[in-house]
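Undergrad: here you go, sequence then predicted model.
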Amino acid sequence: MEVIATIVAVVLAAPLVLMTATFAIEVIAGLRATPTARDGAIDVPETVIVMPAHDEATIIAATLTRLLPELPPTHRVLVVADNCDDDTADIAERAGAGVLRRNDPTRRGKGYALAHARDHLAAAPPAVVMVLDADGATDRESLVAMARAAATRPVQAVNLLSPDLAAAPMVQVSNFAFVIKNLIRQRGLWRLAGRVNLTGTGMAFPWPVFRDAGLATADIVEDLALGLELARRGQLPGFAADATVWSAASSAEGTLKQRTRWEGGFLATSRTRALPAIGAALRAGDLRGLWAGLSLAVPPLTLLLLLDAAGLMLLALLALAGASAWPAVLLATLLLLSLVALAVAWARVGRPFLSGAAAARLPLYILWKIPLYLGLARKRPTSWLRAGR
């Protein structure tokens, strides 16, 4: 009986140990800032910033008012008003941006909007195509850095939510989780795998890569899927660590809606692509590709913590039934290491995003997310959702 209980404990603990170890190592690797590589001797390539916009009349003017004065002389903005029922297109034109109108109710989604822009640009293509969301903000130095980096390979800038310590605690915790995903873990992935994930806004491509990319898709995490497809072709997305793109933080309701979209899409992509990527890397002896596959297998932070907590409880029960305690001890150690790494990340870069008082409510945030995961277990979101502004 004890042998059987130990075997069950090992089988239960193995995937949790692997995912938690991957998360901890990646966070630790990302704690140190990535050296920047600004080179003023390199010409800034001609760049078109494509901005997909679906019913963004309430914010598009403010976005363009911030962005247009920051444009280098080599850059211009092209707004794709996609299946809009409001006057997004007219407002964008009055603000001074180029505008494309797209109406196709049967093919909805950001991927189709990007493909529409690509078809329009094909007659006179720029050197670089950059993608910014309709609520995005950045600065001239970041635009220049992204354009230069994307002259030779696809790249992703640091994509963060604007910090707001006056926001609801659940929003602050979610914004900090965004910092872990899009800054700390991206740094770690870049160091360990030589590539990063595309995150939808602040990504840039050489024209030949953008021209040949599989954009016309309704995938709700089209950015993640696109980065994985480019990596499969050998066009590994690089990390433009000296460029930052900011998006507006949302309300608690909007945050939950957007996390539902992203996490549902991520989990679906992870289930279908992580194991094949790991297997392919093992067959090829590609250690960096192996790490990228392992990283893709790690669930979102809150879900990982929930799984570890549930796993530890089951392992404790198995230990009481006679199983070895080592699987539980190993998992608990890795979980503690992960929490320490998160605390260090908060101390170094997370304070503007998460107050100490809000951090103390992390257990409530985890409970807040449980209905989300129960909903995802029943039905994966399939539409192009945007957070409430």
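TA: Arrived safely.

Undergrad: tell me the buried residues in the helix or strand containing M51?
TA: If you go by DSSP states H and E, M51 is part of strand 47-53. Neighbour counts over strand 47-53 (16 or more other C-beta atoms under 10 Å) mark 47-53 as buried. Where you see a C-beta, it was placed from the backbone N, CA and C, and this is true even at glycine.

Undergrad: then stretch 87-103?
TA: 88-89, 91-93, 95, 97-100, 102.

Undergrad: contacts for the helix or strand following the strand holding M51, please.
TA: Sequence-wise, the next helix or strand downstream of strand 47-53 (DSSP H and E) is helix 60-67. The contact list for helix 60-67, computed with C-beta atoms under 8 Å, 6 or more residues apart in numbering, reads 49, 51, 53, 56, 77, 79, 88, 91-92, 94-97, 132, 134-138.

Undergrad: following helix 60-67 in sequence, what is the next regular element?
TA: Following helix 60-67 in sequence order, the next helix or strand is strand 75-82 (DSSP H and E).

Undergrad: so how far is that next one off the chain centroid?
TA: 22 Å (C-alpha atoms, centre = their mean, to the nearest Å).

Undergrad: same question, stretch 8-22
TA: 25 Å.

Undergrad: tell me the buried residues in that stretch?
TA: For stretch 8-22, the neighbour count (16+ other C-beta under 10 Å) marks 8-10, 12-13, 16-17, 19-22 as buried.

Undergrad: go on, stretch 119-137?
TA: Neighbour-count burial for stretch 119-137 flags 120-121, 126-137 (criterion: 16+ other C-beta under 10 Å).

Undergrad: for the spatially most central residue of the chain, what are its contacts?
TA: Nearest residue to the geometric centre of the chain (C-alpha atoms, centre = their mean): T199, 3.9 Å. T199 sits next to 156, 159, 182, 223-224 when contact means C-beta under 8 Å, 6+ apart.

Undergrad: repeat for L18
TA: Applying C-beta under 8 Å, 6+ apart, the residues near L18 are 294, 297.

Undergrad: what's the answer for Y112, then?
TA: Contact analysis of Y112 by C-beta under 8 Å, 6+ apart lists 82, 102, 104, 215-218.

Undergrad: does the residue lying closest to A89 once chain neighbours are set aside have beta-bridge partners, and which?
TA: Leaving aside its chain neighbours, A89 sits nearest to A81 (3.7 Å; criterion: C-beta to C-beta, 6 or more residues apart in numbering). Note on A81: beta-bridge partners A53, R101, judged by DSSP bridges.

Undergrad: give the contact list for A81.
TA: 53-54, 88-89, 92, 99-102.

Undergrad: ok, then the element right after whichever helix in the chain runs longest?
TA: Using DSSP state H to define each element, the chain has its longest helix at helix 252-284. Going down the chain from helix 252-284, the next helix or strand is helix 287-297, by DSSP H and E.

Undergrad: could you check the angle helix 252-284 makes with that next one?
TA: Angle between the axes of helix 287-297 and helix 252-284 is 150 degrees (criterion: axes from the mean of the first three to the mean of the last three C-alpha atoms, to 10 degrees).

Undergrad: give me the helices and strands touching helix 287-297, please.
TA: helix 2-29, helix 185-193, helix 252-284 (3 or more C-beta pairs under 8 Å, 6 or more residues apart in numbering; DSSP states H and E).

Undergrad: quick one, it and helix 185-193 angle?
TA: Using the same axes, to 10 degrees: helix 287-297 against helix 185-193 is 150 degrees.

Undergrad: and for helix 287-297, what are the contacting residues?
TA: Helix 287-297 has contacts (C-beta under 8 Å, 6+ apart) with 18-19, 22, 26, 185, 189, 192-195, 228, 231, 269-270, 273-275, 277-282.

Undergrad: out of these, which are buried?
TA: Buried by 16+ other C-beta under 10 Å: 19, 22, 26, 185, 189, 192-193, 195, 228, 231, 269-270, 273-274, 277-278, 281, out of those.

Undergrad: end to end on stretch 85-98, go ahead and measure it.
TA: 19 Å (C-alpha to C-alpha, to the nearest Å).

Undergrad: next: stretch 121-136.
TA: Rule used - C-alpha to C-alpha; the end-to-end distance of stretch 121-136 is 22 Å.

Undergrad: and for stretch 197-210?
TA: End-to-end distance of stretch 197-210 (C-alpha to C-alpha): 16 Å.

Undergrad: quick one: average pLDDT of it?
TA: Averaged across stretch 197-210, the pLDDT comes to 96.

Undergrad: please apply the same query to stretch 370-386.
TA: This predicted structure assigns stretch 370-386 an average pLDDT of 65.
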